[in-house]
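Participant: Here's my sequence, what's the structure:
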Amino acid sequence: MAMRPRVVFDIVEEDEEEDEDQTLVTGLQRLDLQSAATAATGSDLLPTEAVSLVSHTHGRQRRAQRGIERYELQQAVKYGRRERAHPGRHGQERWRYTYQGVVYITDATSRHEITSWRIDENTKAAGPIRFGELAGFSCHVVLVVDHSGSMKKSDVPGYTSRTEAVYSTLRREFLQPQLDLAKSAAGATSGDAVVSLIEMSSYPIVLLNRVAVDEALSLSLQHQQLKRGRSHGHYVPALDELDRMLQEDVRRQVQVIVFFLSDGSPSDHIHRTCRHSVAVWGEDPIAIRRFRGKTPLQSCGLDVRDCRAQIKRQVREDCCSRVRVLGLKFGLDRFQLHTVAFGNPNDDYTVLQEMANAVPRGSFQKLGLAVGRLGTALSSLTSTLTTMRTTSGGTALTLRGTRKRESTASFEEQIAHIKASDDWDIYTGRKLLYKQRYDQARGSFVDVPLAPDVVGVAIKNLFFAQGGERTAHRCTEVAQALDGTGLIAAGYPLVSKETLFVEELENAKFHERIAREHAHGQKLADVFNERVQALFPDRPELTVNFAPVCIYKVVDWNYDAGVAWILAEPRLDGKYFKWNNNAGGVGSRDKDPVPSGIESTIPQVFSHFSWSVSDRKELLCDLQGVWNSTDGFTFTDPCRHVQEVQRKRRKRRTDKGTSGIKAFFKTHECTELCKLLGLHQH
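Facilitator: Predicted coordinates:
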């Protein structure tokens, strides 16, 4: 074999984050290896991560597509079989390294990455992963996943590593519902979503950049399951890479959702120096003794504890400041950050929590090592993404200030103690101006008298549920306690739904529109119920109703106009479920609370019915709510698609017009009930 050319190794400050018995190598050194034998076997003095690898865009893209990580290429150079590769386009000399099923092509110096691929038997026939591309998209999801050394731990039941658990759950709970949505909607989503993936270790690696939500993405995430974590988990470089990635999205009307997962606190402090220019979190390079298997840390003198604490505070502020800047760049209303702690529950996750608190639409979840909890967190993420994908665009609105989620206490516990505080807004006496509902027959709003003992209404500031556009709050009418000590809840528990946007909060027409939609839905439901009951007498489980909505106008000087509106409806009891959406999607039968039978077809038949009885001009969908065998279906928050040629009103964000109607019929299969009702065929 011919002598190898000079192979240059860059020795950097990296080591395994877990208690690996490795010597920390400090500084940047250069080592020339003239001997082929030395280069082939790899000296024990040189960590594999030190092998110099100059990465280029083409090479990074190919690695991402084929599920190959940087570390594997460095292994190939250090340990692999080396032979001449096919020359470049202009005859440039190239080298081919083969090691553990990976083929790596370099330039003549063995430092510059050209391309790479796998020859593994399991992936040989599959070929490279080919990702779909989108010319335009409305939502960008960025997954930032920890790849530090602790992620290779095998302490998650049923998985060989934390990494495998994370990527497996990502595929199952985040990606698969989006793939199902794409199939059911038959391409009718408004715009679409793209996904990016940043691997976070000592340096960030962009593995995926704006790829379509398709099977190729699923295959790529499957490849990530096999990776082994290494080195440290540096937050700041990962956030800087995130900032660079999102620069082009700032100019577009794109919604950004960032899912930031780590199994520990940031490691950025390790290489930072204190005010005495000493890396007080780094290992002492001249220390001889070891304590419990670890080399002592460097010291700067008597102030070493203060110096270490100051460095950690600076790292925390650096992380939070970068998140705040991202929020400001997107105007706060287009940026969401969901931080997740998936690791030892006793570890410190303060930085992750403060990062989430740095933006209005931020959330933090501490999951321990429970895959079930991770699945729940990802289900919430995919629900938010589904809402964004299935609602049309529109003028960007201003997000309200930070809203807080309430505790997990029951509804009854929440309204049992009503008193003026930071948690409750109470409007009694002259502060309650009126209570109204929309009368469909009259075509106007009418006053609703309060019960004799009711003196006002109270709404909780903290929300218990949040969707893409509104938050849900506990609400109740109130009466004076018999002993005169305060207020008590009166009547049936209510739920108030508040908009997330400033422009709609102080706009009476926004609340009135929702009340009209509910009344319009009830008018259709009355006709539907009459026809269905004629076919199936004494079958209350087949009836359809919409939750009645009332509007309270109150005096509140926290708002510019001095008044505010509270939109409230009765609390729905039962298992909440969405049977269809506004993009043709249909709820999963596996999770549907309605038993199999004719009753399970009612939501889809009702949507079809709304189109047929309106002379095929509009369609009511986005049907969600509860069901029981006594009351049938109770829906809330419907959406109405209106054909463009019939439109006499301003198009709403969820109204997809003719395309929305077509999307419904692409997935709707007419049942026997559709035929019995004589519904028009699309």
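Participant: Regarding the residue lying closest to Thr273 once chain neighbours are set aside, what is its secondary structure?
Facilitator: Using Cβ to Cβ, 6 or more residues apart in numbering and skipping the chain neighbours, the partner closest in space to Thr273 is Ala279 (5.2 Å). Glycine gets a C-beta too; all of them are placed from N, C-alpha and C. Recorded secondary structure, Ala279: coil (DSSP: H, G, I helix; E, B strand; the rest coil).
Participant: mind listing what Ala279 touches?
Facilitator: Residues near Ala279 by Cβ atoms under 8 Å, 6 or more residues apart in numbering: Thr26, Ile270, His271, Arg272, Thr273, Gln298.
Participant: hmm, which of these are the buried ones?
Facilitator: Neighbour counting with 16 or more other Cβ atoms under 10 Å marks Ile270, His271, Arg272, Gln298 as buried within those.
Participant: how about the last one, phi and psi?
Facilitator: As for Gln298, its main-chain torsions (degrees, to the nearest 10) stand at phi -70, psi 150.
Participant: Tell me the spacing between it and Asp268.
Facilitator: Distance from Gln298 to Asp268, counting by Cβ to Cβ, to the nearest Å: 17 Å.
Participant: Asp146 now?
Facilitator: 13 Å.
Participant: same thing with Lys575?
Facilitator: Counting by Cβ to Cβ, the gap from Lys575 to Asp268 is 45 Å.
Participant: now do Val532
Facilitator: 63 Å.
Participant: Please, which helix or strand holds Cys670?
Facilitator: Cys670 is part of no helix or strand when elements are defined by DSSP states H and E.
Participant: from what I can see it touches Gln681, true?
Facilitator: Yes - using Cβ atoms under 8 Å, Cys670 is in contact with Gln681, at 7.3 Å.
Participant: How many neighbouring residues does Leu535 have?
Facilitator: By other Cβ atoms under 10 Å, the residues close to Leu535 number 12.
Participant: and it, what does it touch?
Facilitator: Leu535 neighbours (Cβ under 8 Å, 6+ apart): Leu673, Leu676, Leu677.
Participant: List the contacts of the second one.
Facilitator: Right, Leu676. Taking Cβ under 8 Å, 6+ apart as the test, what Leu676 contacts is Leu535.
Participant: Okay, strands next: where are they in the stretch 1-150 of the chain?
Facilitator: 7-11, 29-33, 81-84, 95-99, 102-106, 113-118, 139-146 (DSSP state E, counting those that start in this stretch).
Participant: how about the third one: buried residues?
Facilitator: Judged by neighbour count (16+ other Cβ under 10 Å), strand 81-84 contains these buried residues: Arg82.
Participant: That one pairs with which strands, and in what direction?
Facilitator: strand 95-99 (antiparallel) (DSSP bridges).
Participant: Would you mark the buried spots in the strand it pairs with?
Facilitator: Trp95, Arg96, Tyr97, Tyr99.
Participant: my read: the last one touches Tyr79, true?
Facilitator: Meaning Tyr99. Yes - in terms of Cβ under 8 Å, Tyr99 counts as a neighbour of Tyr79; the distance is 5.5 Å.
Participant: any low-confidence regions in the stretch 451-600 of the chain?
Facilitator: Applying pLDDT under 70 to the stretch 451-600 of the chain flags the ranges 467-468, 502-503.
Participant: What distance do you get for Glu93 to Val102?
Facilitator: 21 Å.
Participant: Looking at those two, which is more packed in?
Facilitator: Comparing Glu93 with Val102 by other Cβ under 10 Å, the one with more neighbours is Val102, at 21 against 13.
Participant: Would you mind measuring from the more buried one to His223?
Facilitator: 12 Å.
Participant: next structured bit after the helix ranked longest in the chain?
Facilitator: Secondary structure of the chain per DSSP state H: the longest helix is helix 508-535. Note on helix 508-535: by DSSP H and E, the next helix or strand toward the C-terminus is strand 544-546.
Participant: Identify the neighbouring strands of that following strand in the sheet and state each direction.
Facilitator: In the sheet containing strand 544-546, its partner strands are strand 632-636 (parallel), by DSSP bridges.
Participant: Pull out the buried positions in the strand it pairs with.
Facilitator: Going by 16+ other Cβ under 10 Å, strand 632-636 has these buried residues: Gly632, Phe633, Thr634, Phe635, Thr636.
Participant: One more: stretch 592-607?
Facilitator: Asp592, Val594, Ile598, Glu599, Ser600, Thr601, Ile602, Pro603, Gln604, Val605, Phe606, Ser607.
Participant: Distance of the nearest residue to the fifth one once chain neighbours are set aside relative to Glu672?
Facilitator: Closest residue in space to Ser600, ignoring its immediate chain neighbours: Val594 at 4.7 Å, by Cβ to Cβ, 6+ apart. Applying Cβ to Cβ, the value for Val594 to Glu672 is 17 Å.
Participant: Then Cys475?
Facilitator: 41 Å.
Participant: What of Val280?
Facilitator: Val280 is 76 Å from Glu672, by Cβ to Cβ.
Participant: more crowded one of the two?
Facilitator: Val280 (23 against 10).
Participant: ok so, going back, export the buried residues of strand 95-99 as JSON lines, with columns for distance to Arg313.
Facilitator: Formatted as JSON lines, the buried residues of strand 95-99 follow (distance: Cβ to Cβ, whole Å):
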{"residue": "Trp95", "distance to Arg313": "47"}
{"residue": "Arg96", "distance to Arg313": "49"}
{"residue": "Tyr97", "distance to Arg313": "44"}
{"residue": "Tyr99", "distance to Arg313": "43"}
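Participant: For the residues you listed, give me JSON lines that also has distance to Phe510 and pLDDT.
Facilitator: Formatted as JSON lines, the buried residues of strand 95-99 follow (distance: Cβ to Cβ, whole Å; pLDDT from 0 to 100):
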{"residue": "Trp95", "distance to Phe510": "65", "pLDDT": "87"}
{"residue": "Arg96", "distance to Phe510": "64", "pLDDT": "85"}
{"residue": "Tyr97", "distance to Phe510": "63", "pLDDT": "88"}
{"residue": "Tyr99", "distance to Phe510": "62", "pLDDT": "79"}
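Participant: Among these, which one lies nearest to Gln624?
Facilitator: Tyr99 (53.5 Å; Cβ to Cβ).
Participant: Ile459 and Ala479, how far apart?
Facilitator: Taking Cβ to Cβ, one finds Ile459 at 16 Å from Ala479.
Participant: just Gly657 next, same as before
Facilitator: 46 Å.
Participant: re earlier: mind putting the contacts of Ala279 in TSV, pLDDT and distance to Ser614 included?
Facilitator: Below are these laid out as TSV (pLDDT from 0 to 100; distance: Cβ to Cβ, whole Å):
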residue	pLDDT	distance to Ser614
Thr26	28	74
Ile270	84	65
His271	80	66
Arg272	86	66
Thr273	84	71
Gln298	80	76
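Participant: circling back to that earlier point, just checking, which of the buried residues of stretch 592-607 belong to strands?
Facilitator: Nothing among the buried residues of stretch 592-607 maps onto strands, per DSSP state E.
Participant: what would these look like in TSV with distance to Val371?
Facilitator: Output for the buried residues of stretch 592-607, formatted as TSV (distance: Cβ to Cβ, whole Å):
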residue	distance to Val371
Asp592	24
Val594	29
Ile598	38
Glu599	34
Ser600	31
Thr601	35
Ile602	35
Pro603	32
Gln604	33
Val605	38
Phe606	38
Ser607	36
